[in-house]
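J.: the following comprises the amino acid sequence and a computationally predicted model.
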Amino acid sequence: MTQSLRVMIVGAFPRADSPIVGGIATSCRVLLDSSLPSRAKLTLLDSSQASNPPPGLVVRTARALLRLVRFAVRFERARPQVVMLFASPGASAYEKGVMAWYARLRRRPAILLPRGVPPAPLEVLARWPLLRRLAFGGATDIVCQGAAWHRFAIGALGLPAHRAPVVPNWTATPELLAIGKARRAMPDTPLPLPPPSLLYLGWVEREKGVLDLLAACEHLKDQLDFRLDIVGDGHAAGEVAEWIHRHGMGHRVHFHGWLQGEAKLERLRRADVFALPSWAEGLPNAMIEAMACRLACVVTAVGNIPSTIGDTGAAALVPARDVKALAEALCRVIEDAAHRTRLAETGYSLAKREFGAEQAVDRLLAIAERSLPT
């Protein structure tokens, strides 16, 4: 791999003091903290949204058009050999699709890195072939988070398998793995242990299953001792706060809002169990971060999660929107310390082996080099 490889990355590169958070911002930040800047000449274009929640359609459209102009100008100045485009579901996919077509017209490979769930079932997407071609047709390669995107790229988009490589998320950073390494394993001799601490980390939205998690905790509150910390924010924040007050659970459930830096790390250090009962996912960074910190993970079997976990035993998988199954899985992980430790140890090993930044950088640069015209 030549160090002079010129790569343009369109992703989320907000300022350090920006309130913008999210999976793409985290993934891009980890890449910049890796060996990638020393192994390729990078040109960056920030495409992160202006606010959380996002602004209205008119403002977003105007900003997207301005980014397209900036992309073209920066592309022509930098003359990259490869373009990498991070895209989230919805309008972002079409914006990045236009950029991919521009790169293709300029005879440069465009590598698309979609996040979230595949955009639609095949039969729905087939009704809109022009939109499908706009969003994905300009990409030479689609880097897939897992098997769900890989199947979509091959089945719906008709890409050959080698043009839809799987590169799992890479957010098991050395900092997080150090937390996992330092976490004390369960002693061989039973000792009195404090009540397990559960952690929810992510957007506070109905579709993230946060209200399902609260309902499961309500089922368990009379039979088990535990604590739940909710870290994040979103449209369901008011419902969560109201639920805690209505059920008198303020001594059990603590709602922190978004935490960054050391405050977030401290929550990860204090937690024993990570719970994310989403209704739909790609491959959540928060799950990988929790595994890296050696937390026992209870997550829903959606998106790329089942194929990533497989039969490793690295997480407890439950059906989406099934509060009873979620409560049963949480009950076992709270009551059974040995089970909790097995999940944590196996998840930590998987994160260390598969989800590190340097493994991803090696794979991404190999994909970039292979995509170059011969």
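T.: Yes, it's here. Numbering: from 1, shown residues only.
J.: pLDDT weak spots in the protein?
T.: In the predicted model, the chain carries pLDDT under 70 at residues 1-3, 16-21, 50-55, 119-127, 184-193.
J.: show me the strands in it, by range?
T.: 6-11, 41-46, 82-87, 110-114, 141-142, 197-201, 227-231, 253-257, 273-276, 296-300, 316-318 (DSSP state E).
J.: counting contacts, what elements does the first one pack onto?
T.: If contacts are counted by 3 or more C-beta pairs under 8 Å, 6 or more residues apart in numbering; DSSP states H and E, strand 6-11 sits against helix 23-32, strand 41-46, helix 57-78, strand 82-87. (Glycine included, C-beta is placed from N, CA and C.)
J.: picking up where we left off before, now distance to residue 374 and mean neighbour count too, for the strands of the chain, in JSON lines please.
T.: Converted to JSON lines, the strands of the chain look like this (distance: least, C-beta to C-beta, whole Å; neighbours: other C-beta atoms under 10 Å):
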{"stretch": "strand 6-11", "distance to residue 374": "17", "mean neighbour count": "23"}
{"stretch": "strand 41-46", "distance to residue 374": "21", "mean neighbour count": "17"}
{"stretch": "strand 82-87", "distance to residue 374": "14", "mean neighbour count": "26"}
{"stretch": "strand 110-114", "distance to residue 374": "17", "mean neighbour count": "25"}
{"stretch": "strand 141-142", "distance to residue 374": "15", "mean neighbour count": "22"}
{"stretch": "strand 197-201", "distance to residue 374": "44", "mean neighbour count": "24"}
{"stretch": "strand 227-231", "distance to residue 374": "48", "mean neighbour count": "22"}
{"stretch": "strand 253-257", "distance to residue 374": "52", "mean neighbour count": "16"}
{"stretch": "strand 273-276", "distance to residue 374": "43", "mean neighbour count": "27"}
{"stretch": "strand 296-300", "distance to residue 374": "42", "mean neighbour count": "28"}
{"stretch": "strand 316-318", "distance to residue 374": "43", "mean neighbour count": "22"}
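J.: those strands into CSV, with extra columns for distance to residue 164?
T.: Output for the strands of the chain, formatted as CSV (distance: least, C-beta to C-beta, whole Å):
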stretch, distance to residue 164
strand 6-11, 20
strand 41-46, 24
strand 82-87, 15
strand 110-114, 10
strand 141-142, 5
strand 197-201, 29
strand 227-231, 34
strand 253-257, 38
strand 273-276, 26
strand 296-300, 24
strand 316-318, 24
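J.: looking at those, which is nearest to residue 365?
T.: strand 6-11 (8.3 Å; C-beta to C-beta).
J.: any idea of the angle that closest one forms with strand 82-87?
T.: Strand 6-11 and strand 82-87 are oriented at 10 degrees to each other (axes from the mean of the first three to the mean of the last three C-alpha atoms, to 10 degrees).
J.: re earlier: out of the helices and strands packed on strand 6-11, deepest packed?
T.: strand 82-87 (a mean of 26; mean count of other C-beta atoms under 10 Å).
J.: re the thing from before, out of the helices and strands packed on strand 6-11, nearest to residue 295?
T.: helix 23-32 (17.0 Å).
J.: what helices or strands is that closest one leaning on?
T.: Counting contacts by 3+ C-beta pairs under 8 Å, 6+ apart, helix 23-32 packs against strand 6-11, strand 82-87, helix 285-292, helix 357-371.
J.: possible to save the ones you listed as TSV with distance to residue 347?
T.: Compiled in TSV, those are given as follows (distance: least, C-beta to C-beta, whole Å):
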stretch	distance to residue 347
strand 6-11	27
strand 82-87	25
helix 285-292	4
helix 357-371	17
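J.: picking that back up, what's the closest of the helices and strands packed on strand 6-11 to residue 352?
T.: Per C-beta to C-beta, nearest to residue 352 of the helices and strands packed on strand 6-11: helix 23-32, 14.9 Å.
J.: from the chain's centroid, how far away is that closest one?
T.: 10 Å (C-alpha atoms, centre = their mean, to the nearest Å).
J.: residues contacting it, please?
T.: 9, 11-14, 48, 86, 88, 115, 169-171, 173, 282, 284-285, 357, 360-361 (C-beta atoms under 8 Å, 6 or more residues apart in numbering).
J.: ditto for stretch 345-357
T.: 30-31, 33-34, 168-173, 176-177, 180, 185, 288, 290-297, 309, 312-315.
J.: tell me the buried residues within those residues.
T.: Buried members of the contacts of stretch 345-357, scored by 16 or more other C-beta atoms under 10 Å, are 30-31, 34, 168-173, 176-177, 180, 288, 290-297, 309, 314-315.
J.: sorry, back to before: please identify which of the strands of the chain is closest to residue 151.
T.: Nearest to residue 151, of these and by C-beta to C-beta, is strand 141-142 at 11.6 Å.
J.: and that closest one, what does it pack onto?
T.: Counting contacts by 3+ C-beta pairs under 8 Å, 6+ apart, strand 141-142 is packed against strand 110-114.
J.: nothing else from me, thank you.
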